[in-house]
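1. structure here, sequence nowhere to be found:
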């Protein structure tokens, strides 16, 4: 026994750090911390098209993640891929199903993938190119290849679905099936439609594409009728407990949560994308008006809800007025509570922001 151990003093490594403390830290990290803290990255090199190895610490220390049937990998597009694992020469690899994931996301050599644990046997995957930028195409990937063309066709109204975009005028409707660059004329109004509200306007197209990338994927809260935008889905369990503890949500009311981005609050051309599952389950399958309320306020806002097969959200001058009137800023968290039993579609909007690492409810 060493003299240090005999005297009961802490044993340190060559740099003077306490070995027992480090062992405790490792144990606590792998066995007791929230799953969302488990992350690893892989650089796409070598034989990455066919298989990639899982880091040894993940394979050895976090065995409860290793599902017998493999892993579920969730893309930025919201689609999921099932990938099996196999042990080869004492290393654990993604194998069966991995080639499809590589092909569907058009992975290239030196792309970097960040795997974030989202549950037992589940990882959210962020994908970056060799320059360090997130790959935009991955937000549109599906199991049949990229669906970007279909996505933009839908936004621009080139699919004959018969949906319309409501203008801010109460008696004007803009048909989506307009040739690009043609003037918009409402059959029931002589007032010209502002180009900013047109789905064929280039700013509108860019805005929809960016927001849909940021907001379309969703994650469920403990309750089945709670949905999240992609950024809101990264709120930690403690942060979710904080915001729902502060907001008085009525039981059984459906809810969706959004972390506001610059494109949601930047003037009259902004648009807020509503998670597609929430829209499909709780809103009408057409464009219509939604009444927004704030807790402890008598003021009301009638905003436009725009509906298409891939994109649903609030846009236009009425949404911009709601943003201005409530002084909404980038980074605020908004909880949209659909009020059951209301005579018309009504949502109460709870707004929170962080102050000194804690959320506060704004009146």
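-> Ah, there it is. Worth saying up front: this structure is predicted, and the values here are computed from it rather than measured.
2. what's the single longest strand in the protein?
-> strand 346-355 (DSSP state E).
3. paired strands for that strand, with orientation please.
-> strand 288-293 (parallel), strand 333-338 (antiparallel), strand 358-362 (antiparallel) (DSSP bridges).
4. what pLDDT, on average, does the shortest one get?
-> Pointing back at strand 358-362 there. The average pLDDT within strand 358-362 is 92.
5. same question for it: list its buried residues.
-> Within strand 358-362, the residues that count as buried by 16 or more other CB atoms under 10 Å are 359, 361, 362. Every C-beta, even on glycine, is put in place using the N, C-alpha and C of the backbone.
6. tell me where the stretch 51-200 of the chain has strands.
-> Assigned strands in the stretch 51-200 of the chain, in chain order: 52-54, 71-74, 80-83, 85-88, 91-94, 112-119, 122-128, 141-142, 145-146, 164-166, 173-175 (criterion: DSSP state E, counting those that start in this stretch).
7. circling back to that earlier point, ok, and which of the strands paired with strand 346-355 has the densest surroundings?
-> Most buried of these, by mean neighbour count (mean count of other CB atoms under 10 Å): strand 333-338, with a mean of 22.
8. and that strand, what's its mean pLDDT?
-> Mean predicted confidence for strand 333-338 is 95.
9. again with stretch 306-322
-> pLDDT averaged over stretch 306-322 gives 83.
10. end-to-end on that stretch?
-> End-to-end distance of stretch 306-322 (CA to CA, to the nearest Å): 16 Å.
11. ok, now stretch 264-284?
-> Start-to-end, stretch 264-284 (CA to CA) is 22 Å.
12. what residue ranges in the stretch 151-300 of the chain score low on pLDDT?
-> Applying pLDDT under 70 to the stretch 151-300 of the chain flags residues 151-224, 267-269.
13. of the strands paired with strand 346-355, which approaches residue 20 most closely?
-> strand 358-362 (33.1 Å; CB to CB).
14. give me the contacts around that closest one.
-> With contacts defined as CB atoms under 8 Å, 6 or more residues apart in numbering, strand 358-362 is touched by 239, 242, 243, 246, 247, 332, 333, 350, 351, 352, 353, 354.
15. neighbours around the first one, how many?
-> By other CB atoms under 10 Å, 17 other residues sit near residue 239.
16. before we move on, the earlier item: so which of the strands paired with strand 346-355 is nearest residue 78?
-> Between residue 78 and these, the tightest spacing by CB to CB is seen for strand 333-338, at 19.1 Å.
17. separation between residue 131 and residue 111?
-> 10 Å (CB to CB, to the nearest Å).
18. also residue 102?
-> For residue 102, the distance to residue 111 - CB to CB - is 9 Å.
19. quick one on the thing from earlier: more crowded one of residue 131 and residue 111?
-> residue 111 (20 against 7).
20. residues touching that one, list them.
-> 43, 44, 127, 128, 129, 130, 135.
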